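Asks: Model the structure of this input:
(one chain, ligands or ions: 1)
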Amino acid sequence: MATRTEDLTELSNIISTSIKNYLSHVPTPPTLRPVPPIPVTDEVAVEVADELLVACRRVISLVEGPIRTALMMSSGFQDSIAMKLAYDMKLAQNVPPDGSPIALAELASKTGVPEETIVRVMRQLTSKNVFVETAPGYIAHTGGSAAIGLPGVGSMVAHLVDEGLTSAPHVSDILRENEFVVPEDSRKSAFSRAFNTNKSYFEYICTDNKPLGTRFGQAMKAMNVVDGLPNLVALYEPLQSAPKGTILVDIGGGLGHAAIAAAQKFPNLKCIVQDIGMVVSEGRDELPEELKDRVEFHENDFFEGQPIGGPGVYYYLKYILHDHPDPASKKILSHIVRAMDSSSRLLIDEHIVEERMGPDSHKLIPFLDFHMLLLFNSKERTEAQWAALLKGVDERLVVERVWRAKGTGNGIIEVRLA
Ligand SMILES: C[S@@+](CC[C@H](N)C(=O)[O-])C[C@H]1O[C@@H](n2cnc3c(N)ncnc32)[C@H](O)[C@@H]1O
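Replies: Got it, this is the predicted structure:
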């Protein structure tokens with residue numbers, strides 16, 4: 001594979017061809033300026049962007065050399081700490097949103113943080129194009145720093161630098177204590193240890209810390225809207241010809257972003273969003289008026305049962321099973337299977353991990369796989385692991401088709417009951 005080459009000249013050719021191809025498939029050339037981000041949805045652009053990033057990372061590894069690579073990998077946490085400090089000091093909110101610069105002294109007086117400390121944080125961040133020093137002592141936003149202030153994206157940044165970063169140091173203890181076997185119990189995760197609770201992440205944010213739950217719901221909604229990843233509507237064609245009144249149950253659907261998009265695109269669908277805790281009432285409150293007769297929010301714990309049955313129902317699970325180790329995932333699936341008949345379909349919308357590891361694996365997969373480990377003791381799964389999980393629930397579950405999104409690690413696994 002070309003991206004595994006060690007030849008810098010070959011890599012430079014790949015990069016220059018990819019850039020030309022990329023530019024001809026995006027509406028505007030990318031910029032570091034703080035303009036509203038335009039999600040890249042063109043399939044070719046998404047695929048080429050991935051190849052380009054892989055080739056660029058390869059060049060960095062080759063040119064950095066082995067010692068710097070090892071040291072940089074071992075100190076990657078410093079980027080997260082710098083982002084956390086920027087978040088805690090409210091730096092993004094206090095820099096002008098229009099991209100004009102602010103003097104460091106003024107930023108210090110607005111935030112109440114000593115200028116010297118701001119400089120230390122900015123030194124880290126500007127080295128990765130998050131904020132820019134426009135002239136000595138003057139700081140302005142780049143797109144990367146402005147994104148921290150975008151509604152929802154800011155919630156995801158906060159989730160990562162708070163729950164993620166706080167949990168991270170505990171994972172090595174959890175694994176060492178268990179002879180490096182990942183415990184198949186979300187209540188024994190690095191998150192639970194870090195937050196001093198014997199609850200799982202979702203139990204905790206539904207009971208002990210509801211503001212974290214609200215923040216997480218907003219973060220998931222934003223990620224679904226802004227990250228440009230293909231969604232149910234774009235990928236799963238059969239919904240177009242579903243008969244009028246067909247029910248789609250969005251299990252653990254959060255604020256209902258996927259169900260709302262499906263209802264908007266397909267007038268034939270009736271959507272039921274199931275979730276727990278405050279997210280149900282928050283979703284109801286945010287529902288557009290014109291969809292109130294076709295999108296409903298129901299409180300339902302997916303560990304307790306699946307009350308919606310009948311012929312032709314679509315059961316949709318997006319980013320649910322990756323939050324749960326195999327035993328809990330099997331429990332969730334077994335309730336759905338009990339509600340299914342041969343005409344219903346189970347749609348699992350998740351990342352599908354490539355069998356081969358390496359620089360060409362999709363960029364989100366290693367990141368999310370570790371995030372699942374930290375928060376839930378769970379994992380991203382390969383196609384074979386998905387198939388094994390389904391067979392472990394019920395031998396009659398058959399994978400009808402995998403609808404893969406080009407250029408991303410995402411896909412919808414369509415499952416029926418034989
Ligand atoms: C990772 S989020 C995915 C949300 C949404 N499907 C999406 O893709 O954006 C997991 C969702 O599962 C919900 N959830 C967690 N535990 C649940 C349970 N026991 N029963 C029902 N929903 C649950 C959470 O509230 C959250 O909305």
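
Asks: ok, residue 313 - contacts?
Replies: The contact partners of residue 313, taken as C-beta atoms under 8 Å, 6 or more residues apart in numbering, are 246, 247, 248, 249, 339, 340, 344, 345. Where you see a C-beta, it was placed from the backbone N, CA and C, and this is true even at glycine.

Asks: Just put those in TSV and tack on distance to residue 142, pLDDT and neighbour count.
Replies: Below are these laid out as TSV (distance: C-beta to C-beta, whole Å; pLDDT from 0 to 100; neighbours: other C-beta atoms under 10 Å):
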residue	distance to residue 142	pLDDT	neighbour count
246	45	95	18
247	45	97	19
248	40	97	26
249	42	98	27
339	49	97	17
340	49	97	22
344	48	96	22
345	44	97	21
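
Asks: Which of those residues fall within helices?
Replies: Among the contacts of residue 313, the residues falling in helices (DSSP state H) are residue 339.

Asks: Out of the contacts of residue 313, which is nearest to residue 42?
Replies: Set against residue 42, the nearest of the contacts of residue 313 by C-beta to C-beta is residue 248 (26.8 Å).

Asks: shouldn't that closest one be in contact with residue 272?
Replies: Yes. Shown here, residue 248 and residue 272 form a contact pair, counting by C-beta atoms under 8 Å, at 7.3 Å.

Asks: quick one: common contacting residues for these two?
Replies: residue 259.

Asks: Helices of the stretch 201-350 of the chain, residue ranges please.
Replies: 201-207, 210-226, 232-235, 257-265, 278-286, 326-339 (DSSP state H, counting those that start in this stretch).

Asks: Mean neighbour count, these: which tops it?
Replies: helix 257-265 (a mean of 22; mean count of other C-beta atoms under 10 Å).

Asks: quick revisit: now the helices of the stretch 201-350 of the chain as TSV including distance to the ligand?
Replies: Output for those, formatted as TSV (distance: least, C-beta to the nearest ligand atom, whole Å):
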stretch	distance to the ligand
helix 201-207	4
helix 210-226	4
helix 232-235	10
helix 257-265	6
helix 278-286	5
helix 326-339	8
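
Asks: Distance to residue 389 added to the ones you listed, as JSON lines?
Replies: Converted to JSON lines, those look like this (distance: least, C-beta to C-beta, whole Å):
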{"stretch": "helix 201-207", "distance to residue 389": "19"}
{"stretch": "helix 210-226", "distance to residue 389": "22"}
{"stretch": "helix 232-235", "distance to residue 389": "20"}
{"stretch": "helix 257-265", "distance to residue 389": "21"}
{"stretch": "helix 278-286", "distance to residue 389": "25"}
{"stretch": "helix 326-339", "distance to residue 389": "6"}
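
Asks: mind checking which of the ones you listed is nearest residue 106?
Replies: helix 210-226 (29.2 Å).

Asks: I'd like the distance from that closest one to the chain centre, please.
Replies: 10 Å (C-alpha atoms, centre = their mean, to the nearest Å).

Asks: and if you look at stretch 121-128?
Replies: 24 Å.

Asks: For residue 199, which residues are in contact?
Replies: By C-beta under 8 Å, 6+ apart, the neighbours of residue 199 are 187, 192, 207, 208.

Asks: Please apply the same query to residue 222.
Replies: 150, 151, 152, 153, 155, 156.

Asks: Just the ones of these in helices?
Replies: 153, 155, 156.

Asks: okay, the residue nearest to the last one when sequence neighbours are not counted: pLDDT?
Replies: Yep, that's residue 156 we're talking about. Excluding the flanking residues, the one nearest residue 156 by C-beta to C-beta, 6 or more residues apart in numbering is residue 219, at 3.9 Å. What the model reports for residue 219 is a pLDDT of 90.

Asks: again with residue 3
Replies: pLDDT at residue 3 comes out at 67.
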